[in-house]
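got a predicted structure here, sequence first:
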Amino acid sequence: MTREEMLRRVQMLDFVLVDVNLFLNNHPNDTAALNFYNKYNELHKQAVAEFEESFGPLTASGVNIEDGWSWIDKPWPWEMEG
Amino acid sequence: MWTYEKKLQFPVNIKNPNPAMAKFIITQFGGPDGELAASQRYLAQRYSMPFKQCIATLSDIGTEELAHMEMICAIVHQLTRNLTIEQIKESGFDTYFVDHTTGLYPQAAAGFPFDALCFASKGDAITDLVEDMAAEQKARTTYDNILRMVDDPDVIEPIRFLREREVVHFQRFGEALRVVQDNLNSKNFYAINPEFDM
């Protein structure tokens, strides 16, 4: 997968979690939503780890110091070209 | 506290600069119904909110608004990249350019700077959540107005995403309001202010 495809996958899974999180705040005992959240939380973690392995950190704690302090490396999110 | 994630919530990849478009889209950064006001409104309201579902809703939607502010700034930034002075003068972007060059500054479409008066925090659970529901609808209307005026698919896609989130947030604040009302006297919701009297 290209960087863009892998980032898109992280964004989609992240969005699933954001949206279900908001739903769960007002429906904290909804078992189906809890299980759904749990399933996508695992997929999100995997996708983030795979992205960071290939393309560098999404959060500062994702830095692999063997690459040096790669947190400052471009691109920053608003720099993406069309 | 917050941790920065080095990605946008939804991709913004604009190929063609268009400073005339940037001039009105910037209102969703620093205008009265923009994302900066939204984030600060919800994050300010949560401290005195008495019910845990509502505290979580304000915290998480307030946080998502910060991500939306970043998307709007990315859109404005990408619409104002690599401009010539001719393009700046012809597009009417000159009045912004003279004060801020192409830096991001929170202002409304009509040019007045961000004003904290536009984020209400009243310290009353019903008042604040009704305010928040109205705020989401005002932002939705603003996005509808923006969509009437833009023709670039690279801009339309992220703006449509942001518009849709306003509708979802309205729904979630509506549920939070019901949580508050379920905790109050059903014969008179206004007998007390749960943020002060409970």
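Sure, I can see it.

ramachandran angles for the residue nearest to B:Lys6 when sequence neighbours are not counted?
Closest residue to B:Lys6 apart from its sequence neighbours, by Cβ to Cβ, 6 or more residues apart in numbering or on different chains: A:Leu58 at 5.2 Å. Bear in mind the C-beta positions are built from the backbone N, C-alpha and C, glycine included. With angles defined as degrees, to the nearest 10, A:Leu58 sits at phi -100, psi -30.

for burial, what's the neighbour tally of A:Leu58?
Look at A:Leu58: counted by other Cβ atoms under 10 Å in any protein chain shown, it has 20 neighbours.

which residues touch it?
A:Val10, A:Val48, A:Phe51, A:Glu52, B:Glu5, B:Lys6, B:Lys7 (Cβ atoms under 8 Å, 6 or more residues apart in numbering or on different chains).

quick one, phi psi at the residue of chain B found nearest chain A?
Nearest to chain A in chain B, going by Cβ to the nearest Cβ, is B:Lys15, at a distance of 3.3 Å. Dihedral angles phi and psi of B:Lys15 (degrees, to the nearest 10) take the values phi -80, psi -40.

same check on B:Ala20?
phi -60, psi -40.

surely it touches B:Thr95?
No - if you go by Cβ atoms under 8 Å, B:Ala20 and B:Thr95 don't touch, sitting 11.9 Å apart.

who's more crowded, those two?
B:Ala20 (15 against 10).

and the spatially most central residue of chain A, how close does it get to chain B?
For chain A, the residue whose C-alpha lies nearest the mean C-alpha position (Cα atoms, centre = their mean) is A:Val10; its distance is 4.2 Å. With distances taken as Cβ to the nearest Cβ, to the nearest Å, A:Val10 is found 7 Å from chain B.

for the one residue sitting closest to the centre of chain B, what are its contacts?
By Cα atoms, centre = their mean, the mean C-alpha position of chain B lies nearest to B:Glu35, the distance being 2.0 Å. Counting by Cβ under 8 Å, 6+ apart, B:Glu35 touches B:Gln28, B:Phe29, B:Glu65, B:Leu66, B:His68, B:Met69, B:Met71, B:Ile72, B:Ala139.

the helix or strand where the third one lies packs against which elements?
With elements taken from DSSP states H and E, the one containing B:Glu65 is helix B:52-79. Here helix B:52-79 touches helix A:3-26, helix B:19-25, helix B:27-30, helix B:35-45, helix B:125-149, helix B:153-182, going by 3 or more Cβ pairs under 8 Å, 6 or more residues apart in numbering or on different chains; DSSP states H and E.

fine, thanks again, bye for now.
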